[in-house]
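Novice: Next input, structure requested:
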Amino acid sequence: MKQIVALLILMLAAIVPAQAACLSQSQARQVVASGQAASLGSVAGRVQGEILKAQLCQQGGGYVYVLSVKNGSKVTTVTVNASR
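Specialist: Numbering: from 1, shown residues only. Sure thing, here's the model as predicted:
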């Protein structure tokens, strides 16, 4: 039974992509103010549509914005590089 559970955990780890570690609003302000990440305003032009929600996250040694974007009647999640 332990072997089956271990196998399932390994399979899920391979299937589920690594999640970004998102920052609090105060942490995000500090990171942007220090110049480590671009401001949301400077990357907003890279997406088409209305940004409904934005989170600054650490991913792969850098920073990304994870955005919820409304374009027409569709809402999608878009990831945009924010590292400098």
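Novice: per-residue confidence averaged over stretch 60-75?
Specialist: The average pLDDT within stretch 60-75 is 94.
Novice: OK, contacts around the residue positioned nearest the centre of the chain?
Specialist: By C-alpha atoms, centre = their mean, the mean C-alpha position of the chain lies nearest to residue 66, the distance being 3.5 Å. Shown in contact with residue 66 (C-beta atoms under 8 Å, 6 or more residues apart in numbering): 20, 22, 54-55, 57, 77-79. In short, each C-beta sits where N, CA and C put it, glycine included.
Novice: Using neighbour counts, trim these to the buried set.
Specialist: Using 16 or more other C-beta atoms under 10 Å as the burial test, the contacts of residue 66 include 20, 54-55, 57, 78 as buried.
Novice: Strands - which of those land there?
Specialist: 54-55, 57, 78 (DSSP state E).
Novice: Looking at those, which two lie furthest apart in space?
Specialist: 57 and 78 (12.6 Å; C-beta to C-beta).
Novice: Distance-wise, check the residue lying closest to residue 56 once chain neighbours are set aside relative to residue 47.
Specialist: Spatial nearest neighbour of residue 56, excluding adjacent residues (C-beta to C-beta, 6 or more residues apart in numbering): residue 28 at 4.0 Å. Separation of residue 28 from residue 47 (C-beta to C-beta, to the nearest Å): 18 Å.
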